[in-house]
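# Task: produce atomic coordinates for the following.
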Amino acid sequence: MATPLTTRSTTPSTHTTRTSRTSRTTRAALALVATSALALTAAGCGGDDGKDGDAGGGGAAKDSAPTVQLPKLNGQKLQVAAVWTGAEQKNFTAVLDEFEKRTGAEVSFVPTGDSISTFLGTKIEGGEPPDVAMLPQVGALKQFADKGWLKPAGTEVTAQLGKNFSKGWQDLGAHEGKQYGVYFKAANKSLVWYNAAAFENAGASEPKTWQEFLDTAQTVSASGVPPVSVGGADGWTLTDWFENVYLSQAGPEKYDQLAQHKIKWTDPSVKQALETLGELFGDKTLIAGGQNGALQTEFPKSVTQTFAGGDTPDAAMVFEGDFVSINIATDTKAKIGTDAKVFPFPAVGRQSPVVSGGDVAVALKGGKGAQALLTFLASTDAAEIWAKAGGFISPNKELDLKAYPNDVQRDIAKALIEAGDDFRFDMSDQAPASFGGTKGEGEWKGLQDFLKNPKDVAGTQQKLEADAAKAYKS
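Sure, this is the predicted structure:
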């Protein structure tokens, strides 16, 4: 079995585009996202048309004529690999079904598990790669490209990218001057979702700063409801906690440096962020189930235990991206905008952080089929299918916002598009997969150990740096 894949240390030549793009996150862009996020509450109070909580909410765009022409692929069989399960897999399969209908190809979905780079590395080294993979890490795309495992995007793909995507999202799918990927699914990973009834019963209000967030958690705890649900069994949720605290507290320049390992994880800025995060993780009264309970809670449960209990849930708040909405709509009876509301991640420094993520489609095999699927995924036609189902945000700037099922998701999507190229991409997804994207290893494991023992800041830093140094050197 192949060992977890790693990538070489990022160099200025490799990341010139990323550095120039990410270094210009401005106060205006942050204000834009914060303003839009504040509008989420107003949208929630309005309740839309009474359909906000389900997958087919009001305001969705009607079916439109195809915007992209695809070749006939009768008789061809394609495999597409991704980490998605449950509702996400179901919704993506609907996208693939439309591709099959238009082309005549037969497409099968291959679930990879969380360690997608290890899974794909094994398949590639065994001579049986899938045709297309949806990579959730930028680092994996660059690493695969360095190894010669990716096929460059063809002219039809690049034409759709140029028409529908900002330069920043195109650049994220490129490596050393070649376009490889299509960012089909994006995420705003700087949101806190809360149970409106639990807040009302506790007399709590939406916090704007980290201290207000801790105070709000104490208020909710005093009402008898555990304040914060943490899905610590999935290490990626903990990286998102850290990144939001770090970006807001240390600032965008430090964020870029740590993302590229130009400063060490033993840096004082990392210590400060861990100590801040420890103010939450170290207080058992603020976390549903305490540290041990959080470490046994997977992401889907972290959402359902916040919204499945009505007025007496097992938790009042859960932090994660816009994709939380699909778990709420699918696994609970809560209505988004009424029972389930959202506020921006609280400002630890002067401003609330804005962290984005995304899944990029890449071709691992040559041929017309893989290129046709990338072309389709770069179109508004494909994005519209999942947007209507909910739990999805597209970086496709030409997608009609009416496709989204409720005002909450429309506002989140609008903020992402209007921010243009001014956003910070998930730090762990920029790292080599063995450090930032592998279950039980690297940053995932280091932060799980920190959740278990939040007092060991120095030990956590040393372990994270040792793992990072090894991964970036390989």
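# Tell me which helix or strand the residue nearest to residue 457 when sequence neighbours are not counted sits in.
Sequence neighbours aside, residue 274 is the residue nearest to residue 457 in space, at 4.7 Å (criterion: CB to CB, 6 or more residues apart in numbering). The C-beta positions use only the backbone N, C-alpha and C, and glycine is treated the same way. Secondary-structure assignment from DSSP states H and E places residue 274 in helix 268-281.
# quick revisit: can you report how many residues neighbour the residue nearest to residue 457?
Using other CB atoms under 10 Å, residue 274 is surrounded by 23 other residues.
# ok, back up a step: now do the buried residues in the helix holding residue 274.
269, 270, 272, 273, 274, 276, 277, 278, 279, 280, 281 (16 or more other CB atoms under 10 Å).
# same question, stretch 128-148
129-145.
# do the same with stretch 347-357
If you call a residue buried by 16+ other CB under 10 Å, then stretch 347-357 has these buried ones: 347, 348, 349, 351, 352, 353, 354, 355, 356, 357.
# ok, so of those residues, who is nearest residue 172?
Of all the buried residues of stretch 347-357, residue 356 has the smallest distance to residue 172: 9.6 Å, by CB to CB.
# does residue 359 really touch residue 82, like I thought?
Yes - counting by CB atoms under 8 Å, residue 359 touches residue 82, with 7.1 Å between them.
# returning to what we had before: could you point out which element follows the helix holding residue 274?
Using DSSP H and E, the helix or strand that follows helix 268-281 towards the C-terminus is helix 290-295.
# Distance from that next one to the middle of the chain?
From the chain centre to the centre of helix 290-295 is a distance of 23 Å (CA atoms, centre = their mean, to the nearest Å).
# Name the residues that touch that helix?
Residues from elsewhere that reach helix 290-295 (CB atoms under 8 Å, 6 or more residues apart in numbering): 229-233, 281, 284, 287-288, 448, 451-452, 454.
# Just the buried residues of those.
Among the contacts of helix 290-295, those scoring as buried are 229, 230, 231, 232, 233, 281, 287, 288, 448, 451, 454 (criterion: 16+ other CB under 10 Å).
# In a helix, the fourth one, correct?
No - according to DSSP: H, G, I helix; E, B strand; the rest coil, residue 232 belongs to no helix; its state is coil.
# got a pLDDT number for the nearest residue to it once chain neighbours are set aside?
Nearest residue to residue 232 in three dimensions, chain neighbours excluded: residue 294, at 3.9 Å (CB to CB, 6+ apart). pLDDT recorded at residue 294 is 98.
# what's the distance between residue 294 and residue 262?
32 Å (CB to CB, to the nearest Å).
# Which one's more surrounded, these two?
Taking neighbours as other CB under 10 Å, residue 294 and residue 262 compare with residue 294 leading, 24 against 15.
# will you turn the buried residues of stretch 347-357 into CSV that also has distance to residue 311 and secondary structure?
CSV is the format used below for those (distance: CB to CB, whole Å; DSSP: H, G, I helix; E, B strand; the rest coil):
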residue, distance to residue 311, secondary structure
347, 30, strand
348, 31, coil
349, 35, coil
351, 34, coil
352, 29, coil
353, 31, coil
354, 33, coil
355, 32, strand
356, 34, strand
357, 32, strand
